[in-house]
Each structure stands twice: as C-alpha cells, then as structure tokens.
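Engineer: Please work out how this folds:
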Amino acid sequence: MILDVIKYSDSNYLKLRTKNIAVKKENPILQQLIDDMFETLDFYKTGVGLAAPQVGYNLNLFIIKLPNFKEVFINPEILLDGLRIQAKEGCLSFPNMEFPVDRREIVKIRYYDRNWLLRTSEYKDFTSIVIQHEYDHLNGKLIID
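Structural biologist: Below is the predicted model:
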C-alpha cells in the first residue's frame, strides 16, 4: 500500500519534529510497514530513502533503496563518522527543493535489519549521506535545520 508522505507544509508536519521510539521485535505491523514503505518509495521514484516518521509512524526505522543497495535500518545508532563534506540534498517531505547540508563522508552504524539480525556496517560517499539524512529524521531533525 502506498502511504502518504508528510510534507513540511501539511498540518501534521510536527510528526516530522518528534523524537521517535524504539521498534519492538514483536510489533505486529512492522513487516507490513516495511513493505509499504518500499512500495511508497518506489511510487515516488525520486527518493532513495524513507523514514517511518515521514509516513506518520514515530518509530526508529528507515529504509534505503539505491540501484545496488537495499536495506532496512531498525533502531539504528551511528557510532563513528568521517571527515565533513557538504552535500546538496532533497527530501520527499520537501518536494522539489534542495538544501546544502553538512554531512560526514564515512559513517559507521549499528542497527537491526529486517530479519532482526544485529549488524554493524560502515558506509561511505552517497550511501553515507543518505543514511545520515534518514537517521536525522528519527531525531526530528530536517534538512532545513
């Protein structure tokens, strides 16, 4: 099911500013929510990542889908990051807009994947930027901050 993406101009945009809660493994809607988030991301075609708060669920969950990389990040925690770079970013919650954002070139992150396997991985370049962008959503931080 394609979910509505909350836009910054929407009346319920404060959901984008809320610190989110940890996902519990036994959450009965989790797997369907993940499927729906990927379907929503595919529908928009321009997006490469989507965080649960962007579709109205204040959970620590985001997904990423790049041409050669697809992953679910549940209860992520950024552990280490590299040199600062400036990236020009867009966001499905800010359609047709781009903003310069300071990011880290490399990021190390610990998270649970869709199958509840605990992973620790290091990412660089564009993947690192997308991870940081989606991770910010989980803490109520937006690209305009």
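
Engineer: In contact with Glu134, which residues?
Structural biologist: 49-51, 62-64, 73 (C-beta atoms under 8 Å, 6 or more residues apart in numbering). For every residue, glycine as well, the C-beta is placed using N, CA and C.

Engineer: In this protein, spot the strand with the most residues.
Structural biologist: Determined from DSSP state E, the single longest strand within the chain is strand 69-81.

Engineer: Pull the residues that contact that one.
Structural biologist: Residues from elsewhere that reach strand 69-81, judged by C-beta under 8 Å, 6+ apart: 22-23, 30, 34, 38, 60-64, 104, 106-114, 116, 120, 122, 127-128, 131-132, 134-135, 138.

Engineer: Which of the helices or strands spans Ile109?
Structural biologist: strand 106-112 (DSSP states H and E).

Engineer: For that strand, buried residues please.
Structural biologist: For strand 106-112, the neighbour count (16 or more other C-beta atoms under 10 Å) marks 107-109, 111-112 as buried.

Engineer: quick one, the next helix or strand after that strand and strand 106-112 angle?
Structural biologist: Using DSSP H and E, the next helix or strand after strand 106-112 towards the C-terminus is strand 118-124. Angle between the axes of strand 118-124 and strand 106-112 is 160 degrees (criterion: axes from the mean of the first three to the mean of the last three C-alpha atoms, to 10 degrees).

Engineer: How far does strand 118-124 sit from its chain's centre?
Structural biologist: Relative to its chain's centre, strand 118-124 lies at 15 Å (C-alpha atoms, centre = their mean, to the nearest Å).

Engineer: Quick one: work out the angle between it and strand 69-81.
Structural biologist: With the same axes, to 10 degrees applied, the angle from strand 118-124 to strand 69-81 works out at 80 degrees.

Engineer: pull the CA atoms of the helix or strand following strand 118-124 into CSV?
Structural biologist: Where DSSP H and E defines the elements, the next helix or strand beyond strand 118-124 is helix 125-138. C-alpha atoms of helix 125-138 as CSV (Å, rounded to 0.1, in the frame of the first residue of the first chain):
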residue,chain,number,x,y,z
ASP,A,125,30.0,8.6,-0.1
PHE,A,126,26.4,8.8,-1.3
THR,A,127,25.2,5.9,0.8
SER,A,128,26.7,7.5,3.9
ILE,A,129,24.9,10.8,3.1
VAL,A,130,21.5,9.0,2.6
ILE,A,131,21.9,7.1,5.9
GLN,A,132,22.7,10.3,7.8
HIS,A,133,19.7,12.1,6.2
GLU,A,134,17.3,9.3,7.2
TYR,A,135,18.8,9.0,10.7
ASP,A,136,18.2,12.7,11.2
HIS,A,137,14.5,12.1,10.6
LEU,A,138,14.5,9.7,13.5
